[in-house]
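Enquirer: compute the structure for the input listed below.
(one chain, ligands or ions: 1)
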Amino acid sequence: MNRTIYLDNSATTRIAPATTNKIAMLMDEHYGNPSSIYDFSNVPRTEIHTTRKVISDILNCMQNEIYFTSGGTESDNWALKSIAENYMDKGKHIITSKIEHPAIKNTCKWLEKWGFDITYLDVDENGVVNLEQLESSIQDDTILISIMTANNEIGTIEPIKEIGEIAHKHCVLFHTDAVQAFLNIPIDVKEMNVDLLSASGHKFHASKGTGFLYVRNGVKMSPLIHGGRQENGLRGGTENVPAIASMRIACNYLYSDFQKNYDHKRYLQKYLKVNVCNTIKDVKVNCDIDDLRLPSVINFYIKGIEGESLVLLLSRYNICISSGSACSAGSLNPSDTLKAIGLTDEEAHSCIRVSISEITTKEDIDYFVDKLKETVEKLRSFR
Ligand code: PLP
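Expert: Here you go, the predicted structure:
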(Lines give C-alpha, C1' and ligand atoms only; values in the text may rest on other atoms or scores of the structure.)
Protein backbone atom coordinates (compact mmCIF):
# COMPACT_ATOMS: atom_id res chain seq x y z
CA MET A 1 0.00 0.00 0.00
CA ASN A 2 1.60 3.29 -1.07
CA ARG A 3 -0.74 5.65 0.67
CA THR A 4 -0.62 6.25 4.40
CA ILE A 5 -3.16 4.35 6.48
CA TYR A 6 -3.76 7.03 9.04
CA LEU A 7 -5.38 5.59 12.15
CA ASP A 8 -4.21 8.19 14.65
CA ASN A 9 -7.01 10.73 14.38
CA SER A 10 -7.00 11.39 18.12
CA ALA A 11 -3.52 12.86 17.66
CA THR A 12 -4.55 15.07 14.77
CA THR A 13 -6.68 14.96 11.62
CA ARG A 14 -6.40 15.74 7.94
CA ILE A 15 -7.80 19.13 7.04
CA ALA A 16 -11.35 19.14 5.60
CA PRO A 17 -11.77 19.30 1.80
CA ALA A 18 -11.68 22.80 0.30
CA THR A 19 -10.03 24.26 3.39
CA THR A 20 -6.55 24.77 2.00
CA ASN A 21 -7.89 26.98 -0.82
CA LYS A 22 -9.80 29.04 1.69
CA ILE A 23 -6.74 29.41 3.92
CA ALA A 24 -4.60 30.46 0.95
CA MET A 25 -7.24 33.02 -0.08
CA LEU A 26 -7.35 34.51 3.41
CA MET A 27 -3.56 34.84 3.47
CA ASP A 28 -3.02 36.01 -0.07
CA GLU A 29 -6.10 37.93 -1.16
CA HIS A 30 -8.21 38.89 1.87
CA TYR A 31 -5.36 39.40 4.29
CA GLY A 32 -6.69 42.51 6.03
CA ASN A 33 -6.57 42.77 9.80
CA PRO A 34 -10.10 42.00 11.03
CA SER A 35 -9.87 44.92 13.48
CA SER A 36 -9.35 47.50 10.69
CA ILE A 37 -12.52 49.36 9.85
CA TYR A 38 -12.12 49.69 6.06
CA ASP A 39 -13.97 47.49 3.59
CA PHE A 40 -10.85 45.51 2.70
CA SER A 41 -11.17 43.81 6.10
CA ASN A 42 -14.80 42.86 5.64
CA VAL A 43 -14.04 39.33 4.45
CA PRO A 44 -11.76 38.37 7.38
CA ARG A 45 -14.13 40.07 9.82
CA THR A 46 -17.07 38.14 8.39
CA GLU A 47 -15.11 34.89 8.57
CA ILE A 48 -14.61 35.32 12.31
CA HIS A 49 -18.23 36.28 12.84
CA THR A 50 -19.58 33.35 10.80
CA THR A 51 -17.33 30.80 12.47
CA ARG A 52 -18.50 31.97 15.89
CA LYS A 53 -22.09 31.60 14.74
CA VAL A 54 -21.58 28.11 13.29
CA ILE A 55 -19.90 26.85 16.49
CA SER A 56 -22.47 28.45 18.79
CA ASP A 57 -25.31 26.88 16.76
CA ILE A 58 -23.73 23.44 17.17
CA LEU A 59 -23.25 23.87 20.94
CA ASN A 60 -26.61 25.61 21.46
CA CYS A 61 -25.13 28.74 23.03
CA MET A 62 -24.82 32.46 22.31
CA GLN A 63 -22.22 33.71 19.84
CA ASN A 64 -20.58 35.90 22.48
CA GLU A 65 -19.97 32.82 24.62
CA ILE A 66 -17.37 31.48 22.13
CA TYR A 67 -13.75 32.68 22.50
CA PHE A 68 -11.15 31.68 19.91
CA THR A 69 -7.87 30.33 21.28
CA SER A 70 -4.78 28.59 19.91
CA GLY A 71 -6.16 25.12 20.71
CA GLY A 72 -7.09 22.67 23.42
CA THR A 73 -4.13 23.28 25.71
CA GLU A 74 -4.72 27.02 25.83
CA SER A 75 -8.46 26.61 26.33
CA ASP A 76 -7.88 24.24 29.25
CA ASN A 77 -5.25 26.51 30.83
CA TRP A 78 -7.42 29.56 30.42
CA ALA A 79 -10.52 27.93 31.88
CA LEU A 80 -8.82 26.63 35.01
CA LYS A 81 -6.51 29.58 35.71
CA SER A 82 -9.23 32.13 35.15
CA ILE A 83 -11.75 30.41 37.40
CA ALA A 84 -9.05 29.98 40.05
CA GLU A 85 -8.23 33.69 39.88
CA ASN A 86 -11.80 34.96 39.83
CA TYR A 87 -13.39 32.65 42.38
CA MET A 88 -10.61 32.22 44.98
CA ASP A 89 -12.57 34.47 47.34
CA LYS A 90 -15.07 31.63 47.60
CA GLY A 91 -12.46 28.90 47.94
CA LYS A 92 -9.42 27.14 46.54
CA HIS A 93 -10.68 23.61 45.99
CA ILE A 94 -10.95 22.09 42.49
CA ILE A 95 -12.11 18.59 41.53
CA THR A 96 -10.81 16.78 38.48
CA SER A 97 -10.07 13.15 37.51
CA LYS A 98 -6.99 10.96 37.27
CA ILE A 99 -7.46 10.47 33.52
CA GLU A 100 -7.42 14.07 32.32
CA HIS A 101 -5.09 15.23 29.56
CA PRO A 102 -1.81 16.86 30.70
CA ALA A 103 -3.29 20.23 29.67
CA ILE A 104 -5.61 19.88 32.68
CA LYS A 105 -3.43 17.79 34.95
CA ASN A 106 -0.36 20.01 34.69
CA THR A 107 -2.44 23.16 35.07
CA CYS A 108 -3.81 21.66 38.29
CA LYS A 109 -0.26 20.86 39.44
CA TRP A 110 0.69 24.48 38.76
CA LEU A 111 -2.34 25.71 40.73
CA GLU A 112 -1.28 23.51 43.66
CA LYS A 113 1.88 25.62 43.87
CA TRP A 114 -0.38 28.65 44.36
CA GLY A 115 -2.16 27.05 47.29
CA PHE A 116 -5.06 25.37 45.48
CA ASP A 117 -6.24 22.04 46.78
CA ILE A 118 -6.98 19.58 43.96
CA THR A 119 -8.95 16.34 44.28
CA TYR A 120 -8.09 13.81 41.55
CA LEU A 121 -11.02 11.40 41.29
CA ASP A 122 -10.57 7.69 40.61
CA VAL A 123 -12.29 6.04 37.66
CA ASP A 124 -13.64 2.51 37.28
CA GLU A 125 -12.24 -0.20 34.97
CA ASN A 126 -13.92 1.48 32.00
CA GLY A 127 -12.58 4.91 32.87
CA VAL A 128 -15.85 6.30 34.24
CA VAL A 129 -15.93 8.76 37.13
CA ASN A 130 -18.04 7.67 40.11
CA LEU A 131 -20.84 10.19 40.66
CA GLU A 132 -21.22 9.42 44.38
CA GLN A 133 -17.51 9.89 44.96
CA LEU A 134 -17.70 13.11 42.96
CA GLU A 135 -20.56 14.50 45.03
CA SER A 136 -19.00 13.50 48.34
CA SER A 137 -15.75 15.25 47.32
CA ILE A 138 -17.47 18.62 47.06
CA GLN A 139 -16.52 20.91 49.95
CA ASP A 140 -17.73 24.36 51.02
CA ASP A 141 -14.68 25.85 49.29
CA THR A 142 -15.03 23.93 45.99
CA ILE A 143 -15.13 26.37 43.08
CA LEU A 144 -14.74 24.17 40.01
CA ILE A 145 -15.20 20.65 38.69
CA SER A 146 -13.25 19.85 35.51
CA ILE A 147 -13.97 16.45 33.97
CA MET A 148 -13.27 15.63 30.32
CA THR A 149 -16.21 14.85 28.02
CA ALA A 150 -14.35 11.87 26.57
CA ASN A 151 -10.94 10.39 27.15
CA ASN A 152 -8.20 10.69 24.53
CA GLU A 153 -6.68 7.25 25.08
CA ILE A 154 -9.53 4.83 25.68
CA GLY A 155 -12.42 6.94 24.38
CA THR A 156 -14.60 6.67 27.50
CA ILE A 157 -17.50 9.14 27.48
CA GLU A 158 -18.12 10.58 30.93
CA PRO A 159 -21.64 11.24 32.35
CA ILE A 160 -21.33 14.95 31.64
CA LYS A 161 -24.97 15.91 32.09
CA GLU A 162 -25.11 14.28 35.53
CA ILE A 163 -21.77 15.79 36.60
CA GLY A 164 -23.05 19.22 35.59
CA GLU A 165 -26.25 18.65 37.58
CA ILE A 166 -24.28 17.75 40.70
CA ALA A 167 -21.96 20.74 40.24
CA HIS A 168 -24.86 23.17 39.92
CA LYS A 169 -26.76 21.63 42.83
CA HIS A 170 -23.76 22.65 44.96
CA CYS A 171 -23.24 26.03 43.22
CA VAL A 172 -19.93 24.86 41.71
CA LEU A 173 -18.83 25.73 38.16
CA PHE A 174 -18.34 22.91 35.66
CA HIS A 175 -15.69 22.83 32.93
CA THR A 176 -15.30 20.00 30.44
CA ASP A 177 -12.43 19.27 28.05
CA ALA A 178 -14.30 18.26 24.88
CA VAL A 179 -11.21 18.20 22.66
CA GLN A 180 -11.81 14.57 21.64
CA ALA A 181 -15.58 14.67 21.84
CA PHE A 182 -16.54 17.76 19.82
CA LEU A 183 -18.15 16.61 16.55
CA ASN A 184 -17.68 12.96 17.48
CA ILE A 185 -20.72 12.92 19.78
CA PRO A 186 -23.58 15.43 20.11
CA ILE A 187 -22.89 18.21 22.61
CA ASP A 188 -25.45 20.70 23.87
CA VAL A 189 -23.95 22.87 26.59
CA LYS A 190 -27.34 23.90 28.00
CA GLU A 191 -28.72 20.38 28.18
CA MET A 192 -25.41 19.09 29.60
CA ASN A 193 -25.16 21.77 32.30
CA VAL A 194 -21.72 22.91 31.13
CA ASP A 195 -20.30 26.32 32.12
CA LEU A 196 -17.01 26.13 30.23
CA LEU A 197 -15.93 23.82 27.40
CA SER A 198 -12.62 23.43 25.53
CA ALA A 199 -12.15 22.28 21.93
CA SER A 200 -9.31 22.12 19.44
CA GLY A 201 -9.51 22.66 15.66
CA HIS A 202 -6.94 20.14 14.53
CA LYS A 203 -8.86 17.29 16.18
CA PHE A 204 -11.86 17.89 13.91
CA HIS A 205 -10.31 18.45 10.48
CA ALA A 206 -9.52 22.14 10.94
CA SER A 207 -6.09 23.75 11.10
CA LYS A 208 -3.58 23.34 13.90
CA GLY A 209 -3.06 26.32 16.19
CA THR A 210 -6.72 27.13 16.64
CA GLY A 211 -9.55 26.13 18.94
CA PHE A 212 -12.10 27.70 21.21
CA LEU A 213 -13.34 28.01 24.75
CA TYR A 214 -17.06 28.24 25.46
CA VAL A 215 -17.76 30.34 28.55
CA ARG A 216 -21.35 30.71 29.72
CA ASN A 217 -22.38 34.35 30.03
CA GLY A 218 -22.17 35.33 33.68
CA VAL A 219 -19.06 33.29 34.46
CA LYS A 220 -16.28 35.68 35.53
CA MET A 221 -13.18 35.46 33.33
CA SER A 222 -9.89 37.30 33.06
CA PRO A 223 -7.39 37.25 30.19
CA LEU A 224 -4.76 34.56 29.92
CA ILE A 225 -3.14 36.65 27.18
CA HIS A 226 -3.17 40.38 27.82
CA GLY A 227 -3.37 42.67 24.84
CA GLY A 228 -5.87 44.41 22.60
CA ARG A 229 -9.64 44.29 22.43
CA GLN A 230 -9.96 41.06 20.47
CA GLU A 231 -12.28 38.38 21.85
CA ASN A 232 -14.16 40.90 23.95
CA GLY A 233 -10.91 42.14 25.48
CA LEU A 234 -10.22 38.76 27.02
CA ARG A 235 -7.73 37.33 24.53
CA GLY A 236 -5.51 39.92 22.95
CA GLY A 237 -3.65 39.51 19.67
CA THR A 238 -4.66 39.66 16.01
CA GLU A 239 -6.90 36.72 15.27
CA ASN A 240 -5.59 33.74 13.30
CA VAL A 241 -8.25 34.29 10.63
CA PRO A 242 -7.30 31.47 8.19
CA ALA A 243 -7.21 28.91 11.01
CA ILE A 244 -10.46 30.18 12.51
CA ALA A 245 -12.13 30.00 9.08
CA SER A 246 -10.91 26.42 8.74
CA MET A 247 -12.96 25.55 11.84
CA ARG A 248 -16.09 26.88 10.13
CA ILE A 249 -15.45 24.75 7.05
CA ALA A 250 -14.70 21.67 9.17
CA CYS A 251 -17.81 22.22 11.30
CA ASN A 252 -20.00 22.55 8.22
CA TYR A 253 -18.35 19.52 6.64
CA LEU A 254 -18.85 17.30 9.68
CA TYR A 255 -22.03 18.64 11.18
CA SER A 256 -24.16 18.65 8.03
CA ASP A 257 -23.77 14.86 7.91
CA PHE A 258 -23.34 14.26 11.62
CA GLN A 259 -25.43 11.09 11.93
CA LYS A 260 -24.01 9.52 8.78
CA ASN A 261 -20.45 10.25 9.97
CA TYR A 262 -21.24 8.90 13.43
CA ASP A 263 -22.69 5.68 12.02
CA HIS A 264 -19.73 5.25 9.67
CA LYS A 265 -17.17 5.57 12.51
CA ARG A 266 -19.21 3.35 14.82
CA TYR A 267 -19.54 0.70 12.13
CA LEU A 268 -15.80 0.72 11.34
CA GLN A 269 -14.93 0.68 15.03
CA LYS A 270 -17.04 -2.45 15.63
CA TYR A 271 -15.67 -4.05 12.46
CA LEU A 272 -12.14 -3.33 13.64
CA LYS A 273 -12.82 -4.65 17.13
CA VAL A 274 -14.35 -7.91 15.93
CA ASN A 275 -11.59 -8.48 13.39
CA VAL A 276 -8.74 -7.78 15.81
CA CYS A 277 -10.26 -9.87 18.60
CA ASN A 278 -11.09 -12.76 16.26
CA THR A 279 -7.76 -12.94 14.45
CA ILE A 280 -5.25 -12.23 17.23
CA LYS A 281 -5.00 -14.27 20.42
CA ASP A 282 -4.86 -12.71 23.90
CA VAL A 283 -6.27 -9.32 22.98
CA LYS A 284 -8.55 -7.25 25.20
CA VAL A 285 -10.34 -3.99 24.55
CA ASN A 286 -9.80 -1.36 27.23
CA CYS A 287 -13.25 0.06 28.02
CA ASP A 288 -15.14 -2.65 26.21
CA ILE A 289 -18.62 -1.14 26.20
CA ASP A 290 -19.31 0.19 22.72
CA ASP A 291 -21.85 2.83 23.73
CA LEU A 292 -19.60 4.15 26.47
CA ARG A 293 -16.83 4.84 24.00
CA LEU A 294 -16.36 7.53 21.35
CA PRO A 295 -17.02 6.12 17.87
CA SER A 296 -13.53 7.29 16.88
CA VAL A 297 -11.19 5.74 19.49
CA ILE A 298 -10.46 2.17 20.55
CA ASN A 299 -7.63 0.91 22.72
CA PHE A 300 -6.36 -2.68 22.63
CA TYR A 301 -4.24 -4.54 25.14
CA ILE A 302 -2.15 -7.12 23.26
CA LYS A 303 -0.53 -9.55 25.69
CA GLY A 304 3.26 -9.80 25.62
CA ILE A 305 3.75 -7.10 22.98
CA GLU A 306 5.38 -3.73 23.51
CA GLY A 307 3.09 -1.02 22.14
CA GLU A 308 5.99 1.21 21.04
CA SER A 309 7.56 -1.63 19.02
CA LEU A 310 4.26 -2.24 17.27
CA VAL A 311 3.89 1.45 16.40
CA LEU A 312 7.38 1.55 14.90
CA LEU A 313 7.07 -1.74 13.00
CA LEU A 314 3.66 -0.85 11.59
CA SER A 315 4.99 2.49 10.40
CA ARG A 316 7.12 0.52 7.93
CA TYR A 317 3.83 -0.39 6.24
CA ASN A 318 2.77 3.29 6.26
CA ILE A 319 0.37 2.64 9.10
CA CYS A 320 0.03 5.31 11.81
CA ILE A 321 -1.34 4.35 15.20
CA SER A 322 -0.35 5.30 18.72
CA SER A 323 0.82 3.43 21.76
CA GLY A 324 -0.87 5.89 24.10
CA SER A 325 -1.81 9.52 24.16
CA ALA A 326 -0.17 11.43 21.32
CA CYS A 327 0.85 14.18 23.66
CA SER A 328 2.77 11.75 25.86
CA ALA A 329 4.33 9.85 22.96
CA GLY A 330 8.09 9.72 23.20
CA SER A 331 7.89 9.23 26.93
CA LEU A 332 8.09 5.67 28.13
CA ASN A 333 6.20 6.32 31.33
CA PRO A 334 3.15 4.08 31.44
CA SER A 335 -0.02 6.02 30.74
CA ASP A 336 -1.82 7.40 33.82
CA THR A 337 -5.17 6.62 32.19
CA LEU A 338 -4.34 2.96 31.63
CA LYS A 339 -3.03 2.69 35.18
CA ALA A 340 -6.15 4.40 36.52
CA ILE A 341 -8.37 1.75 34.90
CA GLY A 342 -6.38 -0.94 36.68
CA LEU A 343 -3.65 -2.02 34.26
CA THR A 344 -0.20 -2.82 35.60
CA ASP A 345 2.80 -0.90 34.20
CA GLU A 346 3.66 -3.91 32.04
CA GLU A 347 0.11 -4.21 30.69
CA ALA A 348 -0.04 -0.47 30.02
CA HIS A 349 3.08 -0.81 27.86
CA SER A 350 1.28 -3.47 25.80
CA CYS A 351 -1.53 -1.23 24.59
CA ILE A 352 -2.21 0.50 21.32
CA ARG A 353 -4.71 3.19 20.42
CA VAL A 354 -6.40 3.14 17.02
CA SER A 355 -8.42 6.21 16.12
CA ILE A 356 -10.52 6.52 13.00
CA SER A 357 -12.20 9.43 11.26
CA GLU A 358 -14.92 10.17 8.75
CA ILE A 359 -12.48 9.45 5.93
CA THR A 360 -11.24 6.08 7.19
CA THR A 361 -12.33 3.21 4.93
CA LYS A 362 -13.06 -0.49 5.43
CA GLU A 363 -10.09 -1.18 3.18
CA ASP A 364 -7.85 0.75 5.63
CA ILE A 365 -9.10 -1.43 8.48
CA ASP A 366 -8.60 -4.68 6.53
CA TYR A 367 -5.04 -3.71 5.64
CA PHE A 368 -4.32 -2.65 9.22
CA VAL A 369 -5.67 -5.86 10.77
CA ASP A 370 -3.71 -7.93 8.30
CA LYS A 371 -0.41 -6.18 9.10
CA LEU A 372 -1.16 -6.07 12.83
CA LYS A 373 -1.66 -9.83 12.91
CA GLU A 374 1.54 -10.43 10.94
CA THR A 375 3.57 -8.10 13.17
CA VAL A 376 2.19 -9.44 16.45
CA GLU A 377 2.98 -13.01 15.35
CA LYS A 378 6.51 -11.97 14.39
CA LEU A 379 7.10 -10.22 17.73
CA ARG A 380 5.64 -13.12 19.68
CA SER A 381 7.84 -15.61 17.84
CA PHE A 382 10.96 -13.84 19.25
CA ARG A 383 9.90 -14.51 22.84
N1 PLP B 1 -7.29 17.71 25.73
C2 PLP B 1 -7.38 16.49 25.17
C3 PLP B 1 -8.40 15.53 25.70
C4 PLP B 1 -6.55 16.12 24.12
O5 PLP B 1 -6.65 14.90 23.59
C6 PLP B 1 -5.58 17.07 23.65
C7 PLP B 1 -4.63 16.68 22.59
O8 PLP B 1 -4.41 15.51 22.31
C9 PLP B 1 -5.55 18.35 24.24
C10 PLP B 1 -6.40 18.62 25.28
C11 PLP B 1 -4.59 19.38 23.75
O12 PLP B 1 -5.05 19.94 22.53
P13 PLP B 1 -4.10 20.78 21.57
O14 PLP B 1 -3.23 19.82 20.85
O15 PLP B 1 -5.03 21.50 20.65
O16 PLP B 1 -3.36 21.73 22.43
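Enquirer: give me the number of residues near the residue in the stretch 51-200 of the chain that the ligand sits nearest to?
Expert: Going by C-beta to the nearest ligand atom, the ligand is nearest to Gly72 of the stretch 51-200 of the chain, at 2.5 Å. Glycine gets a C-beta too; all of them are placed from N, C-alpha and C. Applying other C-beta atoms under 10 Å, we find 27 residues neighbouring Gly72.
Enquirer: ok, Glu306 next?
Expert: Neighbour tally, Glu306, other C-beta under 10 Å: 16.
Enquirer: which phi and psi does it have?
Expert: phi -90, psi 120 (degrees, to the nearest 10).
Enquirer: before we move on, the earlier item: doesn't Gly211 make contact with the residue of the stretch 51-200 of the chain closest to the ligand?
Expert: Yes - between Gly72 and Gly211 there is a contact under C-beta atoms under 8 Å: 5.5 Å.
Enquirer: returning to what we had before: neighbours of the closest residue to the residue of the stretch 51-200 of the chain closest to the ligand other than its chain neighbours, how many?
Expert: The spatially closest residue to Gly72, leaving aside those adjacent along the chain, is Ser200, at 3.4 Å (C-beta to C-beta, 6 or more residues apart in numbering). Residues lying near Ser200 (other C-beta under 10 Å) number 28.
Enquirer: what's the answer for Ala24, then?
Expert: Neighbour count of Ala24, defined by other C-beta under 10 Å: 11.
Enquirer: make residue 1 into 41 and carry on from there
Expert: Noted, 41 is the first residue going forward, which turns the last one into Ala64.
Enquirer: what's the pLDDT at the residue of the stretch 91-240 of the chain closest to the ligand?
Expert: pLDDT, Gly112: 98.
Enquirer: secondary structure element holding Ile405?
Expert: Counting by DSSP states H and E, the element that carries Ile405 is helix 402-421.
Enquirer: now do that helix: distance to the chain's middle.
Expert: Here helix 402-421 is found 27 Å from its chain centre; the criterion is C-alpha atoms, centre = their mean, to the nearest Å.
Enquirer: in that helix, which residues are buried?
Expert: Using 16 or more other C-beta atoms under 10 Å as the test for burial, helix 402-421 gives 404-405, 407-409, 411-412, 415-416, 419.
Enquirer: can I get those in a markdown table with distance to Val212?
Expert: Converted to a markdown table, those look like this (distance: C-beta to C-beta, whole Å):
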| residue | distance to Val212 |
| --- | --- |
| Asp404 | 43 |
| Ile405 | 42 |
| Tyr407 | 48 |
| Phe408 | 43 |
| Val409 | 45 |
| Lys411 | 48 |
| Leu412 | 44 |
| Thr415 | 48 |
| Val416 | 46 |
| Leu419 | 48 |
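Enquirer: JSON lines for these, including pLDDT?
Expert: Below are those laid out as JSON lines (pLDDT from 0 to 100):
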{"residue": "Asp404", "pLDDT": "98"}
{"residue": "Ile405", "pLDDT": "98"}
{"residue": "Tyr407", "pLDDT": "98"}
{"residue": "Phe408", "pLDDT": "98"}
{"residue": "Val409", "pLDDT": "98"}
{"residue": "Lys411", "pLDDT": "98"}
{"residue": "Leu412", "pLDDT": "98"}
{"residue": "Thr415", "pLDDT": "97"}
{"residue": "Val416", "pLDDT": "98"}
{"residue": "Leu419", "pLDDT": "93"}
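Enquirer: which residues in this structure form strands?
Expert: For the chain, the strands defined by DSSP state E occupy 45-46, 106-109, 133-137, 157-161, 182-186, 213-217, 236-240, 251-255, 323-326, 337-342, 359-360, 391-395.
Enquirer: export the ones you listed to CSV and tack on mean pLDDT and distance to Asn272?
Expert: Formatted as CSV, the strands of the chain follow (pLDDT from 0 to 100; distance: least, C-beta to C-beta, whole Å):
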stretch, mean pLDDT, distance to Asn272
strand 45-46, 98, 37
strand 106-109, 98, 7
strand 133-137, 98, 25
strand 157-161, 98, 29
strand 182-186, 98, 21
strand 213-217, 99, 19
strand 236-240, 99, 15
strand 251-255, 98, 10
strand 323-326, 98, 41
strand 337-342, 98, 34
strand 359-360, 98, 39
strand 391-395, 98, 34
